[in-house]
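Novice: Generate a structure from the sequence data that follows.
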Amino acid sequence: RWLRLTVKALGDDSARLRDVAVGTRAIVEGPYGNLTAERRTADRVLLLVTNFCSVYCRYCTRARMVGSVGERSIRKHDLEKAIDYIAGNPVIRDVLLSGGDPLSLDDERLEWILARLRAIPHVEFIRIGSKQPVVQPQRITPALTRILKRYHPLWMSLHFTHPDELTPEVAEACARLADAGIPLGSQTVLLKGVNDDVPTMKALVQGLLRIRVRPYYLYQCDPISGSAHFRTPVEKGIEIIRGLRGHTTGYAVPTYVIDAPEGGGTIPVNPDYITGRDGDDLLLTNYANGSYRYPDPQTDAAGCESA
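Specialist: Numbers count the residues shown, from 1 in each chain. You can find the predicted model right below:
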């Protein structure tokens, strides 16, 4: 038997889908994304514009849908409904285009999406998440950068994994994007046996700065089915951040984050450099394990310093 589920609006009632018997074949229709009430009040939305990607990463959070066709393909009609939803919700100021990979779209389709979004007065800026400049740098053509320049402010998050990806061709692609006025940030997944040591991560983040890409997020690998061999303990990520902070420029230090389950959002996880308090002094430790006292008088509810 087949069970067709049509989601008419975003809301917490979608949690009832957990009660569907295991093994039931289902077709779920519209809208794509996080089906929670919180999504309606947040100032940003994730807009999935394609299921196609140039690579199929085993650890991808959307491995279940990348490459999907037929019932699960994203059609222009789906995009029109999603953009209408954004236009009808003035609280939304930030739209992240993802997929799949938005830059796998042809120029005409990509510009149609960007033009529709830029025409919405309350959308302040647009972000694009992509791995194309890394795995297919020839996609970053002068024609594409001319299109992107028309829709500023536009930011781009690039998916880097290892310093070996920093080839001359990738550097040229990033230079074209940066010269088009697009701020570039990197999003890296921490992967066991790939980039889970300080020297490798330092080579990556320092190399990214040289090609004008700011290390932004270091993600803990999600518990995706089939990816257990890539996952590290969270403590390993904290160790890497501790090995970067103070040992290289602050611009090269990404924020280590966990994408919380059940729509909990992105949660930063970092070394704790506060070791305690002593009266009105905050006790701190630095990257070299030096101990310091910082004057930080506590105040009462009226804003007065305690005696």
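
Novice: quick one: low-confidence parts of this structure?
Specialist: 1-41, 62-73, 300-307 (pLDDT under 70).

Novice: list the contacts for the spatially most central residue of it?
Specialist: For the chain, Q187 is the residue whose C-alpha lies nearest the centre (CA atoms, centre = their mean; 6.3 Å). By CB atoms under 8 Å, 6 or more residues apart in numbering, the residues touching Q187 are 129, 157-160, 216-217, 219. Using the backbone N, CA and C atoms, a C-beta is placed for each residue, glycine as well.

Novice: One more: R210?
Specialist: 166, 171.

Novice: before we move on, the earlier item: and the contacts of Q187, which of them are in strands?
Specialist: In strands, defined here by DSSP state E, the members of the contacts of Q187 are 129, 157-159, 216-217, 219.

Novice: so which of the residues you listed is the most crowded?
Specialist: Counting neighbours by other CB atoms under 10 Å, L158 leads those with 25 neighbours.

Novice: Buried residues in stretch 177-196, which are they?
Specialist: The neighbour-count check on stretch 177-196 (16 or more other CB atoms under 10 Å) flags 177-178, 180, 182-191, 194-196 as buried.

Novice: In those residues, find the pair that's most separated.
Specialist: Across these, the longest distance by CB to CB is 33.7 Å; it joins A180 and D196.

Novice: Distance check, I126 against L154.
Specialist: Counting by CB to CB, to the nearest Å, the gap from I126 to L154 is 5 Å.

Novice: go on, L117?
Specialist: 10 Å.

Novice: what residues are shared contacts of the two?
Specialist: Here L117 and L154 have I126 as joint contacts, going by CB under 8 Å, 6+ apart.

Novice: still on that earlier bit, and the residue nearest to the centre of the chain, what helix or strand is that in?
Specialist: Element membership for Q187, per DSSP states H and E: strand 184-190.

Novice: Regarding L282, what is its secondary structure?
Specialist: Judged by DSSP: H, G, I helix; E, B strand; the rest coil, the three-state class of L282 is strand.

Novice: so who does it touch?
Specialist: Neighbouring residues of L282 by CB under 8 Å, 6+ apart: 274, 293-296.

Novice: Same question for K149.
Specialist: When contacts are counted by CB under 8 Å, 6+ apart, K149 touches 180-182.

Novice: Could you rerun that using 10 Å?
Specialist: Taking CB atoms under 10 Å, 6 or more residues apart in numbering, we find K149 in contact with 177, 179-182.

Novice: Name the nearest of those residues relative to D101.
Specialist: For these, the residue nearest D101 by CB to CB is L177; the value is 14.5 Å.

Novice: quick one: which of the contacts of K149 is nearest P268?
Specialist: For the contacts of K149, the nearest to P268 is I182 (24.8 Å; CB to CB).

Novice: so how many other residues sit close to the residue lying closest to that closest one once chain neighbours are set aside?
Specialist: Excluding the flanking residues, the one nearest I182 by CB to CB, 6 or more residues apart in numbering is M156, at 5.3 Å. Residues near M156, counting by other CB under 10 Å, number 24.

Novice: quick revisit: gap between the residue nearest to the centre of the chain and G226?
Specialist: Distance of Q187 to G226, given as CB to CB: 21 Å.

Novice: Please apply the same query to L284.
Specialist: From L284 to G226 the distance is 42 Å (CB to CB).

Novice: neighbour count winner among the two?
Specialist: Using other CB under 10 Å, the more surrounded residue of L284 and G226 is L284, with 15 against 9.

Novice: Was I right to think that one contacts P295?
Specialist: No: using CB atoms under 10 Å as the test, L284 is too far from P295 to be in contact (11.4 Å).

Novice: which residues touch T188?
Specialist: T188 makes contact with 158-162, 194-195, 201, 204-205, 208, 215-219, 254, 256 under the criterion CB under 10 Å, 6+ apart.

Novice: Go ahead and confirm I140 touches R146.
Specialist: No: taking contacts as CB under 10 Å, I140 lies outside contact range of R146: 11.5 Å.

Novice: Mind listing the shared neighbours of these two?
Specialist: Listed as contacting both I140 and R146 by CB under 10 Å, 6+ apart are A180.

Novice: Compare these two and say which is more crowded by neighbours.
Specialist: A count of neighbours by other CB under 10 Å puts I140 above the other of I140 and R146, at 23 against 12.

Novice: what touches both of I126 and L154?
Specialist: In contact with both I126 and L154: 97, 114, 117-118, 148, using CB under 10 Å, 6+ apart.
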